[in-house]
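Trainee: sequence and predicted structure are below.
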Amino acid sequence: MDMPVVNSCQVDACAYNTEHTCHALAITVGDSTHAQCDTFFGTQTSGGDPASTGHVGACKMADCQHNVRLECQAPGISVGFAQDQADCLTYAPA
């Protein structure tokens, strides 16, 4: 199974974000009630691998139409702000 790519991330304050590209090797989405990016980390220190693009490693949003056995099946996702939180904007209730 290929992990979906994080196509874009509009959360500039995240340590893994450089020019709207996620550089975390894998992110986790959700807490079972809200589709936030659990990997979001606000700091001045840059993180991740600058040579790679982030992927979705796990998704706890079991009610999302892209979720199969807590794995995201979307071809890619976007992360941005929803309700003042870093959220998976691709989340779609089943």
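Mentor: Yep, it's here. Numbers count the residues shown, from 1 in each chain.
Trainee: what segments of the chain are strands?
Mentor: In the chain, the strands defined using DSSP state E lie at 5-9, 17-18, 21-22, 27-29, 56-59, 67-68, 71-72, 76-82, 85-88.
Trainee: can you say which of these is nearest to residue 36?
Mentor: For the strands of the chain, the distance to residue 36 is smallest for strand 85-88, at 4.8 Å, taking CB to CB. Any C-beta I mention is one placed from the backbone N, CA and C, and that applies to glycine too.
Trainee: what is the closest one packed up against?
Mentor: Where contact means 3 or more CB pairs under 8 Å, 6 or more residues apart in numbering; DSSP states H and E, strand 85-88 is packed against strand 76-82.
Trainee: hmm, back to that, and the strands of the chain: which comes nearest residue 46?
Mentor: Residue 46 lies closest, by CB to CB, to one member of those: strand 17-18, at 6.9 Å.
Trainee: avg pLDDT for the closest one?
Mentor: Regarding strand 17-18, the rounded mean pLDDT is 96.
Trainee: any low-confidence regions in this structure?
Mentor: Filtered on pLDDT under 70, the chain yields no residues whatsoever.
Trainee: may I have the phi/psi pair for the residue of it positioned farthest from its centre?
Mentor: Within the chain, the residue lying farthest from the chain centre (CA atoms, centre = their mean) is residue 44, at 19.4 Å. Backbone torsions of residue 44, given as degrees, to the nearest 10, read phi -80, psi -20.
Trainee: cool, thanks, signing off.
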